[in-house]
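[1] This is a predicted model, with the sequence first.
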Amino acid sequence: MYEINVIDSHGETAQSKAAARGHVDVIRYLIEFGALLTITDSDGSDALMIAAQNGKLDVVRYFTEYRVCE
């Protein structure tokens, strides 16, 4: 089994990479398998911040709804 909540050699997380690219389906999958939304990358940004910075509004909406439902 792999550790899902890690920062890679580029200072990024799987959550941040998916958020930056607008992949809501990948984010859902990561969360289903235990990914935390509060993990920050080497710049101190979490996936929600990265999605907003990159204009990925579908991801921002999904994260907002998910956090409200937690």
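    Happy to help now that I have it. Numbering: from 1, shown residues only.

[2] C-alpha from now on. contacts and neighbour counts both.
    Will do.

[3] Can you tell me, leaving aside adjacent residues, what's nearest to the residue positioned nearest the centre of the chain?
    Central residue of the chain (CA atoms, centre = their mean): Q15, 2.9 Å from the mean position. Residue nearest to Q15 in three dimensions, not counting chain neighbours: A47, with 5.7 Å by CA to CA, 6 or more residues apart in numbering.

[4] May I ask you to confirm that the one you found is in contact with T40?
    Yes - between A47 and T40 there is a contact under CA atoms under 8 Å: 7.3 Å.

[5] before we move on, back to that, quick one: residues contacting the residue nearest to Q15.
    By CA atoms under 8 Å, 6 or more residues apart in numbering, the residues touching A47 are Q15, S16, K17, A19, A20, L37, T38, I39, T40.

[6] Kindly recompute the last result at 6 Å.
    By CA atoms under 6 Å, 6 or more residues apart in numbering, the contact set of A47 is Q15, S16, A19.
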